[in-house]
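Colleague: Below are the sequence and a predicted model for it; my questions follow.
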Amino acid sequence: TQLLEQSPQFLSIQEGENLTVYCNSSSVFSSLQWYRQEPGEGPVLLVTVVTGGEVKKLKRLTFQFGDARKDSSLHITAAQPGDTGLYLCAGPGNSGYSTLTFGKGTMLLVSP
Amino acid sequence: GAVVSQHPSWVICKSGTSVKIECRSLDFQATTMFWYRQFPKQSLMLMATSNEGSKATYEQGVEKDKFLINHASLTLSTLTVTSAHPEDSSFYICSARDETGDYQPQHFGDGTRLSIL
């Protein structure tokens, strides 16, 4: 079973601070996806990374895929209250080529 | 684009009732949809893969007679929780795979909060 470990589990910061959350595995993934989920809603896809060492930027969010494709990180610059949510990483699951396995997520709270 | 609509958004019903949840891809066709369950402060757990025109594939430990899945068209999958009991209370989320998108991403509905009294 391919497991994705996310850290930290919970992060509470002030508006304007920077932060990094991590997604790690002992297995190699062909790709990883990052989602953000707000309470009472479904996850929204932020980015997909597929190449080892790849870096993608989405405004204040920077995503990196490890060289060995076993880990990924999400860095947020100058966090805003609107960034509050559950950040989930996901990779291809074992149940079929199109299934996803999710990490447990990092709950981020950004206070004004 | 790539909108997935899930209905109802929440439902409260008595124990023993069967509840149907719909998942629709509004602006794309999806031969494959997925049903997840999410408990408070936990991640999404895949219950089953719904395949258009064929039987669903259930994950280990998920009772197929308890959670009936029908995927009769390229834009609609339904999950019926039969004879629901309080332990079935959870947040159920569907997703649809966009086969035309880069890396064929899954797009998620907004979930259904199911509470069984």
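Modeller: Perfect, thanks for sending it. Numbers count the residues shown, from 1 in each chain, chains lettered A, B, ... in the order given.

Colleague: Chain neighbours aside, what residue packs nearest to the residue of chain B found nearest chain A?
Modeller: Among all residues of chain B, residue B:108 sits closest to chain A, at 3.4 Å; criterion: C-beta to the nearest C-beta. Bear in mind the C-beta positions are built from the backbone N, C-alpha and C, glycine included. Computed as C-beta to C-beta, 6 or more residues apart in numbering or on different chains, the closest residue to residue B:108 that is not its neighbour in sequence is residue A:42, at 3.4 Å.

Colleague: What is the neighbour count of that neighbour?
Modeller: 23 (other C-beta atoms under 10 Å in any protein chain shown).

Colleague: cool, and residue A:17?
Modeller: Residues near residue A:17, counting by other C-beta under 10 Å, number 13.

Colleague: Isn't it up against residue A:79?
Modeller: Yes: in this structure residue A:17 lies within contact range of residue A:79 using C-beta atoms under 8 Å: 5.6 Å.

Colleague: Show me the common contact partners of these two, please.
Modeller: The contact sets of residue A:17 and residue A:79 overlap at residue A:110 (C-beta atoms under 8 Å, 6 or more residues apart in numbering or on different chains).

Colleague: partner residues bridging the residue of chain B closest to chain A?
Modeller: residue B:95 (DSSP bridges).

Colleague: any idea how far it lies from residue B:64?
Modeller: From residue B:108 across to residue B:64, the span is 23 Å (C-beta to C-beta, to the nearest Å).

Colleague: Quick check: buried residues in stretch A:6-16?
Modeller: Using 16 or more other C-beta atoms under 10 Å in any protein chain shown as the burial criterion, the residues of stretch A:6-16 that qualify are A:6, A:11, A:13.

Colleague: Thanks again, I'm all set now.
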